Every structure is written in C-alpha cells, then in structure tokens.
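Chemist: Quick check, what structure comes out for this input:
(one chain, ligands or ions: 2)
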Amino acid sequence: MDQIVALATPSVPGPLGIVRLSGPDLLSTFARVFSPFPESPIPRHAYLTSVVNPDGTPVDEGIVLYFRAPDSFTGEDVLELQMHGNPHSLRRIQSLLISLGARTAKPGEFSYRAFLHKKMTLLKAESLNRMIQAPSYQSYLQGLDNFLSPSDDPFSHLREDLVSLLAHFYVMVDHLDLPEEESPVLSDLLARMDQVIQKISAMVRDQRKGLKRRNGFTVALVGHPNSGKSSLFNRILGESRAIVSTIPGTTRDIIEGRYPTASGDVILLDTAGIRITDDPLEKEGIRMTKSLLKDISLVLFLRTPEDPSPVSLTHRGETLTVLNKSDLLSRGAAGRFLKDLSPGLSAVYPVSSKTGRGLPELLKAIGEQARLYYEGESGKSGGGASRVRLDLLLRFQRLMKSARLPLSRGQFLESLHGLEQMRLEWENLFGVVSHEEVYDRIFSTFCIGK
Ligand SMILES: Nc1nc2c(ncn2[C@@H]2O[C@H](COP(=O)(O)OP(=O)(O)OP(=O)(O)O)[C@@H](O)[C@H]2O)c(=O)[nH]1
Ligand SMILES: [Mg+2]
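Modeler: Numbering: from 1, shown residues only. Ligands and ions are numbered 1, 2, ... in the order given. Alright, predicted model coming up:
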C-alpha cells in the first residue's frame, strides 16, 4: 500500500483547508515537513505547528493530527493537516508531500482503504457517499440513518435471511441420516429460498424506482429555438454557462446546472430548441430533449411574443408556462398576451432573461414545486436507492437463483456450496458472517432430537 494525499475540503478560498495523508509509516516520511513536531506524537492530539519547505521557510501554520494505524478512518496511519484555506498554499503543501513520496489519492480512495482494512462495510461506505452527494436534507438523513444504524437498513435484513437459510441447510446436511420427519423437508428449504428471492426482487423494483428520483428535483427549459432558454438558464444560475446567440439551433447538448433552495437542490437543464430540422446534430439534440422529458420533475415551457405558439411534447411531471422576452411588450400587456392567445392556461410567468424582470416570481414558483417534490420524497420507498445497491441486489438475485437450482434437483451439497459463496460476498457488504453465528442460529431456533 502506498502513501496517498488529498485535499479533503473544496479547492476555493475559505477559512480552513484540510489535507489528509494515509498509508504506512507516515511519520518517518513526513514528520520532517512539520516544525516543531515531536518525534513520537501522541495519536489524536492536536499539534499547532508550521509546514515548512525543505529549506526551512514556512508555507503555513496550522493544526496537525496524527492517527496511528489501525485506529483511523482508513485503518492505516493518517495525518490530518488543518491549514488556512488558500488554494495556492494548499496546493504547495500537497506538492511538498508528493515530492517526499506520497501520491494523489484517486476519488473515494480513502473510503476504499477503510473498506479494505475492514473499517467499513461496503454498505456503510455507500451510505457515506450518499450522505455527501444528497440533493436535499431529507435524502441526506436517509443516508445518515443507514450510516449510523446499518442494522436498520433493509439490506441488513437480507443478512439475517442468509444466516437463517444457512442454518437450515446445515441442519439438513448434518441430519441427512435422520428419519425424514425429523429433518426439515426439502420443500420447506425451497420455499424459504423462494421467499428470499421474492424479497430481493421487490427490493430491486424499489431501487429502480428510487434511482429515477435519486438525482433530485429536475427542471427542464423547453421551447422553440431562440426562445431564450439558454439566456434564462444563465440568468437563473447567475453565470454564463450556456452559449447564447441569435442563431436558432445553438444548443444541442443538455446542459446541467444546480442551485440550492430551502427544501433541496434544483437541477436545471437547458435543452435544444424544438423544431423540424434536417441538421443531424440538431436532430440528435431534439431527440435527447424528448428522452429527457420522460423522466423530469418540472418542465418550463418557454414562449415569446416573437413566436408565441406552444411546442407540443409529451412529458411526465408538472409544467409551468413562461413568457420570455416580456421586455418586448409593455408591462401590462405581457400578462394578458398569452392568456388572450391560450385562454386555458392557468398561470403564465412573464419574465425577461435580458433584464431579469419577473425572475423572483418564477423562482418562487419553482421553489414551491421543489418543496412539494422533496416533501413527497421523504415517505417513499426506495429513497435510499443507488446504482451500487441495485448492482449488488442483482448479483445476489443471480447467486440465490443459482443456489436454488441444484436444490430443486435434490442436490443439497451443491446448493449449500452456492450459499456459502454468497456468504463470502455478503461479508464484504455486512461484515463477517461467522460459522459460530450460523450454528448459534441452529441451536437457538431448532430443537433437534427433542
Ligand atoms: N429582448 C430579449 N431578448 C432575449 C431574451 N432572452 C433571450 N434573448 C435573445 O434571444 C436570442 C436567443 O437566445 P438563446 O438564449 O440563445 O435562445 P435559446 O432558446 O437557447 O436558443 P437555441 O439554443 O437555439 O434553442 C439571443 O439573441 C438572446 O440575446 C429576453 O428576455 N429579451
Ligand atoms: Mg440555447
């Protein structure tokens, strides 16, 4: 295992910047960059010290903490440098550490090492990642729940099912010579396996549903070319992200931006303008827009005084009609304009991406939809969905089915072998499933020979 280094805080100016090192024998390699620093620092003790260049000139002063293996996040030696949050000095500190032998950590490598050193199960690592990426406080809390109490996680109930199944199998194998009525019958074992397979299938369905919602509240800007989608996108985000031009058909890819609201993140998507075209690139952009709308939380349909006709697209989710370029109309006329054209419209938000007019009202309406979305989220099953979880479940499903197959032909040992394989896989996820635990289950739940 080599020594890895990474910045644990964002690389923007801030009060603090944290650099972390993990690996074997950190002190013998890196203690020389701290001055003063004791030869044998007390683990978990905060030392106020300077980070110094090889020629002794200071780079920064801050707090250094030493965690001695195995009592650290990764299970290896860890040094945590809490420095001032200037990206330049933090980069300098990292270069210094790299020049002494550390290498830059890959994404997630600290957690991966924690997993390798059995500091964290896969399930816990995955919950941790979900907490960090969560688009709202609600979904953060779901990750936190699973992180703090992995045993309440529905995944952990699968562990119980596996221990139970193994216990039943061992009773069966140890007592193959008992009279038929004293050993659990084959059909009972098959039924138990089927129950677990059904449970996994239900969890797969939940995860698939949850995954669709996982990214958070998504809002697409949709309309004719030149209706000002990219301009509005930039205006809402307060930065020039998407190209704006008078040429219709400018945007082809879907461009994503994100901003926070009180209830959770809004993921804003700029799309290609909808029209009939022969341009193959533009066509592809329009195809992508249509596909996006199959799974969107809110669509903002943009219309303009220049071209007020609506685009008609099928979509799921809520919609708001936005009259952009309302600066081209007088104030009073803007609101009436679309209502006169489309009397059925319930609400129209007149805005101007050029001047910012009407933006607060539109943002309020989007915020309200975000609130409804995130409130609805909290009660739904599959809230804790992730790609990792789905992949694991699909793998379990396959393993369980292939363990069941030999049993249906009366081949107990082959089936048991399949379950044992699964036990090894599940250890990565839930921690060790020991034979003692399986035997314990046998004696606590069965009364053999009595
Ligand atoms: N007067 C006025 N002009 C605007 C407004 N919004 C956008 N424009 C102009 O309209 C033109 C098209 O704007 P874009 O934002 O590129 O339009 P789009 O909908 O993204 O266009 P495509 O990417 O081609 O689909 C540009 O010249 C903008 O400056 C507005 O609110 N008022
Ligand atoms: Mg555009």
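Chemist: Burial check on residue 84, number of neighbours?
Modeler: With neighbours defined by other CB atoms under 10 Å, the count for residue 84 comes to 14. Every C-beta, even on glycine, is put in place using the N, C-alpha and C of the backbone.
Chemist: Tell me the buried residues in whichever strand or helix holds it?
Modeler: Assigned by DSSP states H and E, residue 84 belongs to strand 77-85. Neighbour-count burial for strand 77-85 flags 77, 78, 79, 80, 81, 82, 83, 85 (criterion: 16 or more other CB atoms under 10 Å).
Chemist: do you know how far the residue in the stretch 301-450 of the chain that ligand 2 sits nearest to is from residue 428?
Modeler: Ligand 2 sits closest to residue 302 of the stretch 301-450 of the chain, with a gap of 10.2 Å, by CB to the ion. As judged by CB to CB, to the nearest Å, residue 302 and residue 428 stand 49 Å apart.
Chemist: quick one: which of the two has more around it?
Modeler: residue 302 (28 against 14).
Chemist: What's the first helix or strand after the strand or helix carrying the more buried one?
Modeler: Using DSSP H and E, residue 302 sits within strand 298-303. Next helix or strand after strand 298-303 toward the C-terminus (DSSP H and E): strand 318-323.
Chemist: got the angle between that next one and strand 298-303?
Modeler: 20 degrees (axes from the mean of the first three to the mean of the last three CA atoms, to 10 degrees).
Chemist: Show me which positions of strand 318-323 end up buried.
Modeler: 320, 321, 322, 323.
Chemist: Now do the most centrally placed residue in the chain against residue 157, distance only.
Modeler: Centroid-nearest residue in the chain, with CA atoms, centre = their mean: residue 130, separated by 4.3 Å. In this view, residue 130 and residue 157 are 19 Å apart by CB to CB.
Chemist: Which strands border the strand holding residue 84, and is each parallel or antiparallel?
Modeler: strand 14-23 (antiparallel), strand 58-67 (antiparallel) (DSSP bridges).
Chemist: Leaving out chain neighbours, which residue sits closest to residue 299?
Modeler: residue 319 (4.7 Å; CB to CB, 6 or more residues apart in numbering).
Chemist: for residue 46, same thing?
Modeler: residue 63 (5.0 Å).
Chemist: do residue 56 as well
Modeler: Of all residues not flanking residue 56 in the chain, residue 35 sits nearest, at 7.4 Å (CB to CB, 6+ apart).
Chemist: what sits against that neighbour?
Modeler: 49, 50, 52, 56 (CB atoms under 8 Å, 6 or more residues apart in numbering).
Chemist: Narrow the residues you listed to just the buried residues.
Modeler: Buried among the contacts of residue 35 by 16+ other CB under 10 Å: 49, 50, 52.
Chemist: The residue nearest to residue 56 bridge partners, please.
Modeler: Applying DSSP bridges, one finds that residue 35 bridges with residue 50.
Chemist: cool, residue 298 as well?
Modeler: residue 219, residue 318.
Chemist: what number of residues lie near it?
Modeler: 21.
Chemist: how close does the closest residue to ligand 2 within the stretch 1-150 of the chain get to ligand 1?
Modeler: For the stretch 1-150 of the chain and ligand 2, the shortest gap (CB to the ion) falls at residue 135, measuring 24.6 Å. Separation of residue 135 from ligand 1 (CB to the nearest ligand atom, to the nearest Å) stands at 25 Å.
Chemist: who touches that residue in this structure?
Modeler: Contacts of residue 135 by CB under 8 Å, 6+ apart are 215, 216, 217, 264, 265, 267.
Chemist: how about the fifth one, phi and psi?
Modeler: Put plainly, it is residue 265. phi -70, psi 150 (degrees, to the nearest 10).
Chemist: what pairs with it across the strands?
Modeler: Beta-bridge partners, per DSSP bridges, of residue 265: residue 260.
Chemist: So, low pLDDT: which residues of the stretch 251-400 of the chain?
Modeler: 335, 343, 378-384 (pLDDT under 70).
Chemist: ok so, going back, and the residue nearest to residue 46, how far from ligand 1?
Modeler: Distance from residue 63 to ligand 1, by CB to the nearest ligand atom: 48 Å.
Chemist: Would you agree residue 190 is in contact with residue 407?
Modeler: Yes - contact criterion CB atoms under 8 Å: residue 190 and residue 407 qualify, at 6.0 Å.
Chemist: higher neighbour count, those two?
Modeler: residue 407 (21 against 14).
Chemist: For stretch 132-140, C-alpha coordinates in PDB please.
Modeler: Extracted as PDB, the C-alpha positions of stretch 132-140 are listed here (Å, rounded to 0.1, in the frame of the first residue of the first chain):
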ATOM      1  CA  ILE A 132     -22.200  13.600   0.800                       C
ATOM      2  CA  GLN A 133     -24.000  13.700  -2.600                       C
ATOM      3  CA  ALA A 134     -27.600  14.100  -1.200                       C
ATOM      4  CA  PRO A 135     -29.600  16.700  -3.100                       C
ATOM      5  CA  SER A 136     -31.700  17.600   0.000                       C
ATOM      6  CA  TYR A 137     -31.600  17.400   3.800                       C
ATOM      7  CA  GLN A 138     -34.300  14.700   3.600                       C
ATOM      8  CA  SER A 139     -32.200  12.400   1.400                       C
ATOM      9  CA  TYR A 140     -29.100  13.300   3.400                       C
END
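Chemist: pLDDT on that stretch, on average?
Modeler: For stretch 132-140, mean pLDDT rounds to 84.
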